[in-house]
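*Asks:* structural data only, the sequence is not supplied:
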């Protein structure tokens, strides 16, 4: 089974113009960038929100929990909707919900308003992964899927970086209310643009899509089992667990890296924020590298395990508190690079789990369920670590990052053995 993707690439139609694949992948990337931009709608402005509403780390972390709990549950449900009504319609619904979330932040006058903002943004975020990956698997040639997944991951990382920079800069300049309205306007512009691309993103699979290119044994037939039969697959549950662990680590860093580095290493908040930016940029660079690696290495699980082992080692060094402050920036960049490199191979791993038994008609619900693990990890990590930070246990927060990454490595190895 671990040769599935290599065989898919070998059997794909080589005459398909790369521009067609690149066009579809880039449009999906624009949508994915938007969803990750809104994942950073609130975290970068926590210092302002904590000051204005008198809240602590736990209440700030609860906002992330609301976002990702709703996104997790919604994502699993959205997968079924994608398989029934089509990915493009679900994608557009997600964009409209992001528009509403930005406007809600602009109107918020209380902590309850912030919770409502997080809920709306989480509901919008829920739509993207099932829709994105269904479109990519159906519209992009099998031999270029590794690169398409890399572009998808890269756009997400750029969305995180852009969201963090935009929200912090706009809040410092004109206040967080105006920043929310500006974010809403940006999302509305993207929504209007994507609405003109239904011919590319909607409709039936292209003739060269993996569903017609021998992507996997059984991939060209509809599932003969029930709609929920994928829930009996141990491999699918392991993929869910992998996302829960790996993204739990990432969520901790995205929400609290500057604060943890400030207390453990005594750096300024500005330096801590630069370290977070270095982590996000490293993740973006790693994702590009991971796209090439995924296209050449047939054993996706091994790539994931090796990349995350490197990230976990850096996390352990950070948690020791003994690293030189001069090495913090390159260390966070390397940590992000390891996590990013694992991304495209991780997505191919999930594709193998989906197509090996359930066929392409199950892409929406399998991706929706597995990526619900991603949101569950992002919801749980900040909430748990927020409590640790409120008690002054900042080094323990960094240690949690390392332990979660080590757990993800062990699960990835288990997935590889099953395929």
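*Replies:* Okay, I see it. Since the structure is predicted, the reported quantities are computational estimates derived from the model, not experimental observations.
*Asks:* mind listing what's buried in stretch 323-331?
*Replies:* 328, 329, 331 (16 or more other CB atoms under 10 Å). In this view, the C-beta of every residue, glycine as well, is placed from N, C-alpha and C.
*Asks:* typo on my end, it should be stretch 382-391
*Replies:* Neighbour counts over stretch 382-391 (16+ other CB under 10 Å) mark 382, 383, 384, 385, 386, 388, 389 as buried.
*Asks:* stretch 188-205 too?
*Replies:* 188, 190, 191, 194, 197, 200, 201, 205.
*Asks:* can the residues you listed go into a markdown table with extra columns for distance to residue 36, pLDDT and secondary structure?
*Replies:* Formatted as a markdown table, the buried residues of stretch 188-205 follow (distance: CB to CB, whole Å; pLDDT from 0 to 100; DSSP: H, G, I helix; E, B strand; the rest coil):
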| residue | distance to residue 36 | pLDDT | secondary structure |
| --- | --- | --- | --- |
| 188 | 17 | 98 | helix |
| 190 | 12 | 96 | helix |
| 191 | 16 | 96 | helix |
| 194 | 15 | 94 | helix |
| 197 | 19 | 90 | coil |
| 200 | 21 | 85 | helix |
| 201 | 18 | 86 | helix |
| 205 | 26 | 48 | coil |
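*Asks:* ok, which pair from these is furthest apart?
*Replies:* Across the buried residues of stretch 188-205, the longest distance by CB to CB is 29.6 Å; it joins 188 and 205.
*Asks:* surely residue 286 meets residue 337?
*Replies:* Yes. With contacts defined as CB atoms under 8 Å, residue 286 counts as touching residue 337 at a distance of 3.8 Å.
*Asks:* between the two, who's got more neighbours?
*Replies:* For residue 286 versus residue 337, neighbours defined as other CB atoms under 10 Å are more numerous around residue 286 (30 against 27).
*Asks:* ignoring the adjacent residues along the chain, who's closest to that one?
*Replies:* Once flanking residues are discounted, residue 286 sits nearest to residue 340: 2.7 Å by CB to CB, 6 or more residues apart in numbering.
*Asks:* and for residue 88?
*Replies:* Using CB to CB, 6+ apart, the nearest residue to residue 88 is residue 202, at 3.6 Å.
*Asks:* can you give the distance of the helix or strand harbouring residue 29 from its chain's centre?
*Replies:* Using DSSP states H and E, residue 29 sits within helix 18-39. Chain-centre distance of helix 18-39: 13 Å, with CA atoms, centre = their mean, to the nearest Å.
*Asks:* from here on, count from 15
*Replies:* Sure thing, new numbering starts at 15, so read that last one as helix 32-53.
*Asks:* elements contacting that helix?
*Replies:* helix 101-121, helix 125-139, helix 142-153, helix 159-188, helix 190-209, helix 212-215 (3 or more CB pairs under 8 Å, 6 or more residues apart in numbering; DSSP states H and E).
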